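Chemist: build me a structure from this.
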Amino acid sequence: MAKPAETVVVGPTSDASTPQKELGPVFRRAAPVTKWLDDRLGLAGLVRPLYRKVFPDHFSFLLGEIALYSFIVLLLSGVFLTIWFKPSMAEVEYQGTYQLLHGIPMSDAYASTLNLSFDIRGGLLLRQMHHWAAMLFVAAMLTHSLRIFFTGAFRKPREINWLIGVGMLVMGVFEGFMGYSLPDDLLSGTGLRFMDGAIRATPVIGTWAEFFFFGGEFPGDLVVPRLYMVHILLLPALILGLIAAHLALVVYHKHTQFPGPGKTEANVVGFPVFPVYAAKAGGFFFIVFGVCTLMGALMQINPVWVFGPYNPGEVTAGSQPDWYMGFAEGAIRIMPGPGWEWHIGHTTWSWNVFLPLALPMGLLFGGMAIYPFIEAWVTGDKSEHHLLDRPRNKPTRTALGVAAMTWYAVLWIGGGNDLVATQFHVSLNAVTYVLRVGVFVAPVLAFLLTKRICVGLQRSDQDRLLHGAETGVIERDPSGKYAERHRTISVGEQYALTQQKEPLALNPATVDDGEDVSARALRLEQLRRGATRFYFGNVLRKPTRAELEEAIAHQHHGVGHGDGHGDGHGDGHGAGHELTAGEDNPHFGTESEHLAP
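Modeler: Numbers count the residues shown, from 1 in each chain. Below is the predicted model:
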C-alpha cells in the first residue's frame, strides 16, 4: 500500500524579482575608466543611440567592409615600412645581404627596400602584406561600387555618398600607383616613365608640368621624396576624411536593404550594432587581416631584387603595372601610333599618348560620377529610395554596367597584350588588332546579351508568380499527358517579385497651338522622352493585381498547371509580353500628352 504524500509546509512568500545582472571581469575593470570618461566628455549620450542602430544583413554588404579593413591593414603595415624606408634618390653602393646586387650603385630608396626585404626581421612579410592590402583595397572599392550601381543604391538621397565613393576610388588608384613607384626599381621606374610620357603629352602645359613633377628632366632627383610625402600624408588623410564622411552619411541616411516581407522605404530590418553587428564586424576584420597576412607570407609579389635598380636606358621585359592601372596601360598599347600628332608653332600635341590615358580615365570615373544624375533626369524620379533594386528588374541599367565592365576588361587585357601573345603563341599584332576592334564591338554585344538575359530572368520570375514553383513531381493524367506539379509560392516571395516600381517610357512630346514652350525646353523634353524609350521600352512588365489573383485562384483549384505552361503564358493570363513605345496601352504616354510650359 502506497504511503500518503507528505504535507508541504508553505513558507513566507516574497515578491518575484529579476536578479541583478552581473558584469563580466572585462566590463568590471573597464567600468571605472568608462565612468571617468563619461563624466568629463559625455560619451554615453553620443554613443548610446549608435548601440541600437539597426543594419540589414546581406553578404554583398561585406564588400564595403573589406575595403575599410584592408585600408586599416594598409595604415598599420605602412607605419612599420615608414620607419625603415629612406625616400632618397641619392646614389649609394649596396652592401647588404643580397649577394647578386652586392656593390651595385643604386638609389638610397632602392637600397632601403632591399634592406627591408632581407635584413629587417618581418620586413618582407610587412612589405608584401602592404602591397596585397593595396590591391585588395582598390578591388573591394571597385566591386563595392558595382554592387551599389547594379542595385540602385546611388539614388536619392545617396548621390553625395556615391560621389564620395568615386572620389575614394580615384584616390585609391593614384595612392597605389605612387606607393608602387617608391622602391625605384626597374619595374617601378618603367611605370614612372609611362607617367612621364602621359604628363609630357598634355597639350600646352605638358613640358612645364613634367619639370614641376620630376624637378627637372626625367627621372630627376626629387620624384621619390615628393611621391613619398603625398603617399604617406596627403592622400591617406584625404581618404580617411572621405571614409569618415561616407560612414557618417550611411548612418544618417540608414543602410539600404533588399526588398522582402516587412521591409519598406521607412524602416530597416536587421540587427543592432551592439552586440550583434559589432561582434560580426570585429570578427570579419580579423578574417581580412588574416587573409592579408597569409597572402603576404605565401604569395610573392613585387620581388624588387629580381628587377634591379632603375636605369632610364633599360626596360623590364614583360613589365606589367598593378591590375588597377592595367586599363590605362592597355589603352596606350592598342592606340594607333603614326598620324596622331599635331605640330602647332613650337608645340607638339601627341594625341596618341594623351587621349588613351585621359579619355578612358575621364569616361570611367566621370561616367561613374554623373550617372546617378542622368538616371534621375531620365526617370523624373524625385522620391527617396531605401529599398534596393534586383538587377534583373532594371535591364537597361544592368546592361550598361556590364557593357562598361566589358570595355574595361578589353582595355585591361590590352595592358598585357605581350603576355597574351607569348602565353597563347599567337601574333602580338593580331592580339592588338583584335583588341582595337573589341574595344568598340564587345561592349555593344555585352549590352544586348545582358539585356536579353535580364528579360529572360524576369520571365522566369513571372512564371513562378503565375504558375507557382516547380516541385519536380511529374504526373500523368488519364489521357496520357504528362505535366509537372506546381506549388503556390509564399506571400513573401510574391511581394519580393512584384514590389519594384516601373517607370514609364514616353512617346514624343507634342505642343498644342497657343502653348508657350521654348524651343530649348522642347528639345530637352524630346531628348528625355527618347531616353525613357531607350531605358524602359522593350522590357517585360510585371503582372497586374487581377492577373495575379486569377493565377493564384487557378493554382488553388489545380487548374492550368500544365496547359500552355511553356508557351509564354498562353493560358489567358496575359502577362509577360513586351511593350514598345507607340502602342496604345496604359504603360506609355499617349499622343495626346502635352509638354507642360
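
Chemist: how near is the spatially most central residue of the chain to residue 207?
Modeler: Centrality entry for the chain: nearest residue to the mean C-alpha point is residue 145, 2.3 Å, by Cα atoms, centre = their mean. Counting by Cβ to Cβ, to the nearest Å, the gap from residue 145 to residue 207 is 35 Å. C-betas here are computed from N, CA, C, even on glycine.

Chemist: what's the following helix or strand after the least confident helix or strand in the chain by mean pLDDT?
Modeler: When the helices and strands of the chain are compared on mean pLDDT, DSSP states H and E, helix 43-51 comes out lowest with a mean of 74. Downstream of helix 43-51, the next assigned helix or strand under DSSP states H and E is strand 54-55.

Chemist: return the set of buried residues in stretch 459-478.
Modeler: Residues of stretch 459-478 classed as buried: 459, 461-468 (neighbour count, 16 or more other Cβ atoms under 10 Å).

Chemist: same check on stretch 530-541?
Modeler: Residues of stretch 530-541 classed as buried under the neighbour-count rule (16+ other Cβ under 10 Å) are 530-533, 535-537, 539-541.

Chemist: what is the nearest of those to residue 33?
Modeler: residue 535 (56.9 Å; Cβ to Cβ).

Chemist: what's the helix or strand hosting the closest one in contact with?
Modeler: In this structure, residue 535 is located in helix 519-536 according to DSSP H and E. With contact meaning Cβ atoms under 8 Å, 6 or more residues apart in numbering, helix 519-536 is reached by 375, 377-380, 396-397, 502-509, 511, 581, 589, 595, 597.

Chemist: so what does whichever helix or strand comes after that helix touch, helix or strand wise?
Modeler: Reading on from helix 519-536 to the C-terminus, the next helix or strand found by DSSP H and E is helix 545-556. Helices and strands touching helix 545-556, by 3 or more Cβ pairs under 8 Å, 6 or more residues apart in numbering; DSSP states H and E, are helix 428-467.

Chemist: report the angle between the helix it packs on and helix 545-556.
Modeler: Using axes from the mean of the first three to the mean of the last three Cα atoms, to 10 degrees, the direction of helix 428-467 lies 70 degrees away from that of helix 545-556.

Chemist: buried set for helix 428-467?
Modeler: Applying a neighbour-count criterion of 16+ other Cβ under 10 Å, one finds 431-432, 434-435, 438-439, 442-443, 446-447, 450-451, 454-455, 457-459, 461-467 buried in helix 428-467.

Chemist: try stretch 138-158
Modeler: Taking 16+ other Cβ under 10 Å as the basis for neighbour counts, the residues of stretch 138-158 that come out buried are 138-142, 144-155, 158.

Chemist: now do stretch 43-54
Modeler: Residues of stretch 43-54 classed as buried under the neighbour-count rule (16+ other Cβ under 10 Å) are 53-54.

Chemist: check what contacts that stretch and list those residues.
Modeler: For stretch 43-54, the surrounding residues in contact (Cβ under 8 Å, 6+ apart) are 34, 37-38, 251, 268-274.

Chemist: do stretch 371-390 as well
Modeler: When contacts are taken as Cβ under 8 Å, 6+ apart, the neighbours of stretch 371-390 outside the stretch itself are 149-157, 159, 162, 253-254, 256-259, 263-266, 268, 397, 499-500, 503, 528, 531-532, 535.

Chemist: tally up the residues packed near residue 417, please.
Modeler: If you count neighbours by other Cβ atoms under 10 Å, residue 417 ends up with 20.

Chemist: below-threshold pLDDT in this structure: ranges please.
Modeler: For the chain, applying pLDDT under 70 flags the ranges 1-21, 23-24, 26-27, 339, 512-515, 556-597.

Chemist: how does it divide into domains?
Modeler: The record's domain split for the chain, according to automatic domain parsing, is 62-268+278-311, 385-461, 462-510+521-579.

Chemist: strands along the protein, start to end?
Modeler: Taking DSSP state E, the strands of the chain run over residues 54-55, 91-93, 105-107, 271-272, 341-344, 347-350, 469-476, 482-487.

Chemist: just checking: what are the partner strands of the last one?
Modeler: Spelled out, it's strand 482-487. With DSSP bridges as the criterion, the sheet partners recorded for strand 482-487 are strand 469-476 (antiparallel).

Chemist: separation between residue 460 and residue 199?
Modeler: Using Cβ to Cβ, one gets 51 Å for the distance from residue 460 to residue 199.

Chemist: same check, this time on residue 489
Modeler: Separation of residue 489 from residue 199 (Cβ to Cβ): 59 Å.

Chemist: ok, those two, which is more surrounded?
Modeler: Neighbours per residue, other Cβ under 10 Å: of residue 489 and residue 199, the larger number sits with residue 199, 22 against 17.

Chemist: how about residue 199, what does it touch?
Modeler: 206, 209-210, 213 are the contacts of residue 199 under Cβ under 8 Å, 6+ apart.

Chemist: quick check on those: which are buried?
Modeler: When burial is judged by neighbour count using 16+ other Cβ under 10 Å, the buried members of those are 206, 210, 213.

Chemist: which parts of the stretch 251-400 of the chain are helices?
Modeler: For the stretch 251-400 of the chain, the helices identified by DSSP state H, counting those that start in this stretch occupy 278-298, 304-307, 326-334, 351-361, 367-379, 395-414, in order along the chain.

Chemist: mind listing what the nearest residue to residue 446 once chain neighbours are set aside touches?
Modeler: Nearest-residue entry for residue 446: residue 406, 4.0 Å, with adjacent residues in sequence omitted and distances by Cβ to Cβ, 6 or more residues apart in numbering. The contact partners of residue 406, taken as Cβ under 8 Å, 6+ apart, are 442-443, 445-446.

Chemist: just flag the most distant two among the residues you listed.
Modeler: Of all pairs drawn from the contacts of residue 406, the greatest distance, 7.4 Å, lies between 443 and 445 (Cβ to Cβ).

Chemist: rewinding a little: any chance of the contacts of residue 406 in TSV, plus distance to residue 87?
Modeler: Conversion of the contacts of residue 406 to TSV gives the following (distance: Cβ to Cβ, whole Å):
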residue	distance to residue 87
442	42
443	41
445	47
446	43
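
Chemist: any idea which of the buried ones among the contacts of residue 199 is closest to residue 25?
Modeler: Taking Cβ to Cβ as the measure, residue 25 lies nearest residue 213 of those, at 56.9 Å.

Chemist: gap between that closest one and residue 228?
Modeler: Note on residue 213: its distance to residue 228, by Cβ to Cβ, is 14 Å.

Chemist: cool, residue 361 as well?
Modeler: Distance of residue 361 to residue 228, given as Cβ to Cβ: 24 Å.

Chemist: have a look at those two and say which one is more surrounded.
Modeler: residue 228 (20 against 16).

Chemist: not counting its neighbours along the chain, what's nearest the more buried one?
Modeler: Nearest non-adjacent residue to residue 228 (Cβ to Cβ, 6+ apart): residue 87, at 3.6 Å.

Chemist: again, but for residue 168
Modeler: Excluding the flanking residues, the one nearest residue 168 by Cβ to Cβ, 6+ apart is residue 242, at 4.9 Å.

Chemist: list the contacts of the one you found.
Modeler: By Cβ under 8 Å, 6+ apart, the contact set of residue 242 is 164, 167-168, 171.

Chemist: what about the residue lying closest to residue 467 once chain neighbours are set aside, neighbour count?
Modeler: Nearest non-adjacent residue to residue 467, counting by Cβ to Cβ, 6+ apart: residue 486, 5.4 Å away. Number of residues near residue 486 (other Cβ under 10 Å) recorded here: 21.
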